[in-house]
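Asks: From the sequence below, what's the structure:
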Amino acid sequence: MDAALYNSLLLVPAGFFALSFIIIIWGILKGPNSMDRMLSFDGFVAMLQCALATYIVWTLDTTVANAMLVIALLGFIASVSVARFRKRDGS
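Replies: Below is the predicted model of the structure:
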């Protein structure tokens with residue numbers, strides 16, 4: 001495949017990831033309650049993993065695969081701990 005075509009095809013999802021990160025960060029900062037913020041954080045973790053996977057495809061460098069695993073585990077642990085120990089907002 002031509003390198004210019006390959007880069008331009010991968011530039012489209014990279015732009016979507018940048019726009020999605022802005023929207024998700026807005027949700028984290030302005031969420032009406034803690035569960036909305038946690039849901040946005042879960043979306044941020046998923047988007048970060050997808051962005052790292054796109055980076056692997058773009059550069060053919062798999063050194064960030066371990067970082068993807070750590071991010072997935074930390075996101076899971078954060079979600080479980082918030083779900084377990086969350087109290088109702090306003091109480």
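Asks: Going by C-alpha atoms from here, please, whenever you check contacts or count neighbours.
Replies: Fine.
Asks: Give the buried residues for the longest helix along the chain.
Replies: Among the segments of the chain that qualify as a helix by DSSP state H, the longest is helix 3-30. By neighbour count on 16 or more other Cα atoms under 10 Å, the buried set for helix 3-30 is 14, 17, 21, 24-25, 27-28.
Asks: Nearest to Tyr55 among these?
Replies: Sorting those by distance to Tyr55 puts Ala14 at the head of the list, at 8.8 Å, by Cα to Cα.
Asks: quick one: stretch 56-63 to chain centroid distance?
Replies: Taking the mean of its C-alpha atoms, stretch 56-63 sits 17 Å from the chain's own mean (Cα atoms, centre = their mean, to the nearest Å).
Asks: what about it, start to end distance?
Replies: Using Cα to Cα, to the nearest Å, the span of stretch 56-63 from its first residue to its last is 8 Å.
Asks: ok so, going back, need the max-distance pair from the buried residues of helix 3-30.
Replies: Across these, the two members that end up farthest from each other (Cα to Cα) are Ala14 and Ile28, 20.8 Å apart.
Asks: just to revisit the earlier point, pipe the buried residues of helix 3-30 into a markdown table and attach distance to Trp58 and pLDDT per row.
Replies: Conversion of those to a markdown table gives the following (distance: Cα to Cα, whole Å; pLDDT from 0 to 100):
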| residue | distance to Trp58 | pLDDT |
| --- | --- | --- |
| Ala14 | 10 | 86 |
| Phe17 | 14 | 89 |
| Phe21 | 19 | 93 |
| Ile24 | 23 | 94 |
| Ile25 | 24 | 94 |
| Gly27 | 28 | 91 |
| Ile28 | 28 | 91 |
